[in-house]
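*Asks:* coords please:
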Amino acid sequence: MKDSLSEAVGLLGPGSLQEETLERYIFPLFSKALTRREIYLANHSLGRPLDQTAVDVAEAVELWQTKLDGAWEEWLAEREAFRSRIAKLIGAQRPDCVVPKTSAGQGLRTVLNALPGVPRVITTRGEFDSVDVILKQYANRGRIQIRWVGPDQHGYFDTERLIEEAQNGADLFVISHVMFMTGQVIPGIDELAAFCHAKGGRLLLDAYHSVGVFPVNATALQADFMIGGSYKYLRGGPGACFLYISPETLESGFAPLDTGWFAKRHPFSYERPDPPQFASGGDAFLESTPPVLSYYQARAGQKFTLEIGVSRLRDYNLDRLYRLKRYLTDAGIVSEGGDADHGAFLTVRHAHAASFGAKLSSRGIQTDARGKFLRLCPDCLTRDEELVEAAKAVALTLETELHQ
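*Replies:* Next comes the predicted model:
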């Protein structure tokens, strides 16, 4: 994998990515995913996997088949490699700050359960459904006190309003780096974190729609916690997620409630001290026997992103978005996104966005919808001619609706 990927990326040459060279050298790495006869603009939902992903998962299974218990040494080495790759992608100071999780929601629950008492939580009405339902359930069970910040009339969030709410004080502020419905990038996260810290609180950043989209630096953002995963832009499928805990938080005495034997100081000594003796740093937040296949499943996509470089991928994504937005505009369709203030996808507002997306699917255009927003996300495998066809399909579908 390393040799073939490195060779392919090397053949791209330096500088900005170009469609011609991507199609020549990178597309073959995705030959199975690209056999589908459709225009795939749902890369913000489920990222397309490399062919190598199946080989990597087979490697983990073969270790199981041939080594049985002896596979654990290599399985755990892959877990640590997973942590190191995520650390590079999010700008973590050290790999143990990254704790593997099976979902971003699991990471959020880990933090909530570790906070003492009944913590005061601030969040927005624009968080993803898992975060939303978890926080509501905790509040309904009396586990947290919660305050909600709503969007403006256009569905966007004002940074000054968020900072104003943070100044009122809370134990935890939960917010997305990029909003999943609109693609809005929330600016001033570091400033928001500073206000939280000044009031004795902490900030948890949901980075699912930013990691792999544009450069992310958890340290510079001053995030105490970060949750995210490999399902979308890192091309690693479901179950390969993470919780980041800052070094300062780890050194503050913040300790887990969600735990298991892999969090012990010496897990294989089978000693049972009371109270438990936890491992140092982020290892204290490991839990029970880990789902090792997910680390192999995520390997190829993470390596691909690191090898090409997030900045180059971002620039090319913006090029694809600019083109798609122009083609939509030429067809009389208003779209939002495609700039530094948004993530990896465009949105088109539609009163019945989900049913509209289904109509596009029947035309071979795969998108998705959240609320009243149709989301369209090209990636480095999307050709310009596909963007032209997609814009035509959106226009034709809208025209058909108008005449029904």
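
*Asks:* By residue count, tell me the biggest helix in this protein.
*Replies:* Criterion DSSP state H: the longest helix present in the chain is helix 310-330.

*Asks:* Pull out the buried residues from it.
*Replies:* Buried residues in helix 310-330, counting neighbours by 16 or more other Cβ atoms under 10 Å, are found at 310, 312-314, 316-321, 323-325, 327-328. In short, each C-beta sits where N, CA and C put it, glycine included.

*Asks:* With stretch 18-31 instead?
*Replies:* 19, 22, 25-27, 29-30.

*Asks:* got it, and stretch 188-199?
*Replies:* Buried residues in stretch 188-199 (16+ other Cβ under 10 Å): 189, 192-193, 195-196.

*Asks:* Identify, from these, the entry nearest to A298.
*Replies:* Within the buried residues of stretch 188-199, the smallest distance to A298 is 24.9 Å, found for I189 (Cβ to Cβ).

*Asks:* who touches the nearest residue to that closest one once chain neighbours are set aside in this structure?
*Replies:* Closest residue in space to I189, ignoring its immediate chain neighbours: L221 at 4.8 Å, by Cβ to Cβ, 6 or more residues apart in numbering. By Cβ atoms under 8 Å, 6 or more residues apart in numbering, the contact set of L221 is 177, 189-190, 193, 205.

*Asks:* how about these in a markdown table, adding pLDDT, distance to D132 and secondary structure?
*Replies:* Shown next, in a markdown table, are the contacts of L221 (pLDDT from 0 to 100; distance: Cβ to Cβ, whole Å; DSSP: H, G, I helix; E, B strand; the rest coil):
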| residue | pLDDT | distance to D132 | secondary structure |
| --- | --- | --- | --- |
| H177 | 99 | 16 | coil |
| I189 | 96 | 19 | helix |
| D190 | 96 | 25 | helix |
| A193 | 96 | 21 | helix |
| L205 | 99 | 16 | strand |
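
*Asks:* Distance of I186 relative to V174?
*Replies:* The gap separating I186 from V174 is 12 Å, by Cβ to Cβ, to the nearest Å.

*Asks:* go on, D283?
*Replies:* From D283 to V174 the distance is 24 Å (Cβ to Cβ).

*Asks:* Strands of the stretch 251-400 of the chain, start to end?
*Replies:* 346-349, 365-366, 368-370, 373-376 (DSSP state E, counting those that start in this stretch).

*Asks:* winner for burial among those strands?
*Replies:* strand 373-376 (a mean of 26; mean count of other Cβ atoms under 10 Å).

*Asks:* and that one, how far from the chain's centre?
*Replies:* Between the centre of strand 373-376 and the centre of its chain there are 17 Å (Cα atoms, centre = their mean, to the nearest Å).

*Asks:* Pairing partners for that strand, with directions?
*Replies:* Using DSSP bridges, strand 373-376 pairs in its sheet with strand 346-349 (antiparallel), strand 368-370 (antiparallel).

*Asks:* got a list of what A42 touches?
*Replies:* A42 neighbours (Cβ under 8 Å, 6+ apart): 366-368, 375, 377.

*Asks:* May I have the beta-bridge partners of the closest residue to S103 other than its chain neighbours?
*Replies:* Setting aside the residues directly before and after it, S103 is nearest to C241 in space (Cβ to Cβ, 6+ apart), at 5.2 Å. Beta-bridge pairing for C241 (DSSP bridges): K101, G229.

*Asks:* For the strands of the stretch 251-400 of the chain, give me a markdown table that also has distance to H403 and mean pLDDT.
*Replies:* Formatted as a markdown table, those follow (distance: least, Cβ to Cβ, whole Å; pLDDT from 0 to 100):
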| stretch | distance to H403 | mean pLDDT |
| --- | --- | --- |
| strand 346-349 | 19 | 98 |
| strand 365-366 | 20 | 98 |
| strand 368-370 | 22 | 96 |
| strand 373-376 | 20 | 98 |
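
*Asks:* Okay, domains of this structure per the record?
*Replies:* What the record gives for the chain is the domain set 2-49+309-402, 55-305, from automatic domain parsing.

*Asks:* measure T397 to S362 for me?
*Replies:* 9 Å.

*Asks:* For those two, indicate the residue with more neighbours.
*Replies:* Per other Cβ atoms under 10 Å, whichever of T397 and S362 has more neighbours is T397, with 18 against 9.

*Asks:* Excluding chain neighbours, what is closest to the more buried one?
*Replies:* In space, T397 is closest to K359, 5.0 Å off (Cβ to Cβ, 6+ apart).

*Asks:* Over to E23?
*Replies:* Nearest to E23 is R383, by Cβ to Cβ, 6+ apart, at 7.0 Å.

*Asks:* how many other residues sit next to that neighbour?
*Replies:* Quick note: R383 (other Cβ under 10 Å) scores 15 neighbours.

*Asks:* quick one, phi psi at the nearest residue to R265 once chain neighbours are set aside?
*Replies:* Leaving out its chain neighbours, the residue that sits closest to R265 by Cβ to Cβ, 6+ apart is Q277, at 4.5 Å. With angles defined as degrees, to the nearest 10, Q277 shows backbone torsions of phi -110, psi 110.

*Asks:* How about V185?
*Replies:* phi -80, psi 120.

*Asks:* okay, now the residue lying closest to N317 once chain neighbours are set aside: neighbour count?
*Replies:* In space, and not counting its chain neighbours, N317 is closest to A344: 5.5 Å by Cβ to Cβ, 6+ apart. Here the number of neighbours of A344 (other Cβ under 10 Å) works out to 27.

*Asks:* just E164 next, same as before
*Replies:* 12.

*Asks:* Helix or strand for it, just tell me which one.
*Replies:* helix 159-167 (DSSP states H and E).

*Asks:* swap in D3?
*Replies:* Following DSSP H and E, one finds D3 within helix 2-12.

*Asks:* Between D283 and V174, tell me which one has more neighbours.
*Replies:* Comparing D283 with V174 by neighbour count (other Cβ under 10 Å), the higher total belongs to V174, at 25 against 17.
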